[in-house]
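> Here is a sequence together with a model predicted from it:
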Amino acid sequence: MSNVNIKKVKSSDIELKDTLVDIRRVTKVTKGGRAFGFSAVVVVGNEDGVVGHGLGKAKEVATAIAKAVDAAKKNLIQVPIINNTLPHSQVGKYSGAHVYMQPASDGTGIIAGGAMRAVLESVGVKDVLAKSKGSSNPANVVKATIEGLMQLRDVGTVAATRGIPVSKVFNG
C-alpha cells in the first residue's frame, strides 16, 4: 500500500468535534487482587474532510477519554469528499475487521453501523453505503474505516499521479 496521498493535518488549525465510540472496563489480575481500569476509543473530526482516532487508557473514565481525545488529535488525516459522499468505492482492512464503503446518491444518508457511523459522521460524509464484515471490535472497525478513507483519491490526485489533465481521467 502506498501512502502518497495521506495528508496530515494539525489539530491547532481547526475546530474539532469528538465522539466517544467505545468505553470498556478492563481488569488486570494481580497477586493482591483485581486492578480495574478503563479503555476508551474516540473519533475526532471537523465534519469537513478531517478525521482522526485515538485510544486512551486510565484508572478513571474521564481521564481515559481525555487521553483518547489527545491521541486522536495527534493523527488527523484529510479525506476527499465530493458532493457529500465518497469519490469511489473502497475497502479497508485492519486486523480481523473488514469494511466496505460505497458512494451513494444525494439524500441516502449514512447507511452504516456503530463504529463506522461515528467515523463517517466525523469526517463529514452525508451519503454513503457501508458494510462491516469480520471482527466487530469497535477499535479495529474504526481503524479499518480510517485505513479505507486514507486510500481514497480524488480526480485531481489521480490526474497528477498519471501525469494527465483532469479532463482525460474519465475519457482516457
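Happy to help now that I have it. These numbers come from a predicted model, not from an experiment.
> what residues are up against the residue nearest in space to the middle of the chain?
Per Cα atoms, centre = their mean, the C-alpha nearest to the average position across the chain is that of I146, at 3.3 Å. Contact analysis of I146 by Cβ atoms under 8 Å, 6 or more residues apart in numbering lists V51, G52, H53, I77, G92, V119. In this view, the C-beta of every residue, glycine as well, is placed from N, C-alpha and C.
> now swap in S95 and tell me
Contacts of S95 (Cβ under 8 Å, 6+ apart): S135, N137, N140, K143, A144.
> Drop anything exposed from those.
N137, N140, K143, A144 (16 or more other Cβ atoms under 10 Å).
> need the helix or strand of this protein with the lowest average pLDDT.
Within the chain, no helix or strand scores below strand 8-9, which has a mean of 76 by mean pLDDT, DSSP states H and E.
> Name the residues of the next helix or strand after it that are buried.
Using DSSP states H and E, the helix or strand that follows strand 8-9 towards the C-terminus is strand 17-30. Buried residues in strand 17-30, counted by 16+ other Cβ under 10 Å: D18, T19, V21, D22, I23.
> among the contacts of S95, which are in helices?
N140, K143, A144 (DSSP state H).
> Okay, the closest residue to the second one other than its chain neighbours and G107: tell me how far apart.
In other words, K143. Sequence neighbours aside, Y94 is the residue nearest to K143 in space, at 4.0 Å (criterion: Cβ to Cβ, 6 or more residues apart in numbering). Here the criterion is Cβ to Cβ, to the nearest Å. By it, Y94 lies 30 Å from G107.
> neighbour-wise, which of the two wins?
Y94 (20 against 8; other Cβ atoms under 10 Å).
> how much space between that one and G163?
32 Å.
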